[in-house]
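Visitor: What follows is a predicted protein model with its sequence.
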Amino acid sequence: MKFSLALLAPIVSLVAANDACGGQPTPTPTLAPTPAPTATLAPTPAPTAYTTIDCPFANGDWISLSDGGKLVVCVDAFWSNKIFSAFTCRDNWAFGVVKVGKKIALTDMTSFLMQCSGSTCPENHPETISMIGTTPADPSAQWACVDVGNGKWALQGNDGNFMTICPSCGPPTFRNNGEAVVSKPYTNDTTQHWTIKQPS
């Protein structure tokens, strides 16, 4: 018997398409690659700019530093019985101005309001602003002025930090609901904005 090659071709194809058990093999699925997650980058905050100016207070002036309400900067020995540090209070408190170039030093006539350092700081409170017996020539006793608008000022110390009200600093409570005043980096927050008044 003669077989036609044309008849054998479909049979060969059918055998080739079946596995050893007579079934057709399951094709291996092609998986799409999982895309890598896209990282979300936090925006870079814009730098907070400020410009110091010639402090507009004269040598011999007396000024009070107000939080804009009823509290002014005072000093008391609340962290140390030897060092009087700054906080806000309701007293009638004022400091004498000594002009040092464009800066000012603030005095009670015996000591100066200054950024503490080393032994002039109360223990465990390196950011303290305290009344220390020194001279207006001491750089730590000098404050530069930044006009923050609306008749308010920020006061920058020699190390670049600013006089700041700190609600989370200090003892559990101050008298008259006051808060500690310390030295902090500039944030342009209202805790660094002072209303400076000349007592009548």
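Guide: Done, it's in. Numbers count the residues shown, from 1 in each chain.
Visitor: what number of residues lie near the residue nearest to His125 when sequence neighbours are not counted?
Guide: Distance criterion CB to CB, 6 or more residues apart in numbering; nearest residue to His125, sequence neighbours excluded, is Trp79 at 5.3 Å. C-betas here are computed from N, CA, C, even on glycine. By other CB atoms under 10 Å, the residues close to Trp79 number 21.
Visitor: Please report phi then psi for Trp79.
Guide: For Trp79, the backbone dihedrals (degrees, to the nearest 10) come out as phi -100, psi -20.
Visitor: for it, what are its contacts?
Guide: Trp79 sits next to 85, 122-123, 125, 128, 170-171 when contact means CB atoms under 8 Å, 6 or more residues apart in numbering.
Visitor: Closest one of these to Phe95?
Guide: Compare each of these with Phe95 using CB to CB and the shortest gap goes to Ser85, at 14.3 Å.
Visitor: For that closest one, give me its contacts.
Guide: Ser85 neighbours (CB under 8 Å, 6+ apart): 75-79, 116, 122, 125, 128-131, 180-181.
Visitor: In PyMOL, how would I select just the buried ones from the residues you listed?
Guide: In PyMOL syntax, the buried subset of these is picked out as below (16 or more other CB atoms under 10 Å):
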select buried, resi 75+78+79+116+122+125+128+129+130+131+180+181
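Visitor: Inside strands: which ones of the contacts of Ser85?
Guide: 75-76, 129-131, 180-181 (DSSP state E).
Visitor: Rebuild those residues as JSON lines, extending it with pLDDT and distance to Gly101.
Guide: Converted to JSON lines, the ones in strands among the contacts of Ser85 look like this (pLDDT from 0 to 100; distance: CB to CB, whole Å):
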{"residue": "Val75", "pLDDT": "92", "distance to Gly101": "25"}
{"residue": "Asp76", "pLDDT": "89", "distance to Gly101": "30"}
{"residue": "Ile129", "pLDDT": "96", "distance to Gly101": "20"}
{"residue": "Ser130", "pLDDT": "95", "distance to Gly101": "23"}
{"residue": "Met131", "pLDDT": "95", "distance to Gly101": "22"}
{"residue": "Ala180", "pLDDT": "92", "distance to Gly101": "29"}
{"residue": "Val181", "pLDDT": "95", "distance to Gly101": "24"}
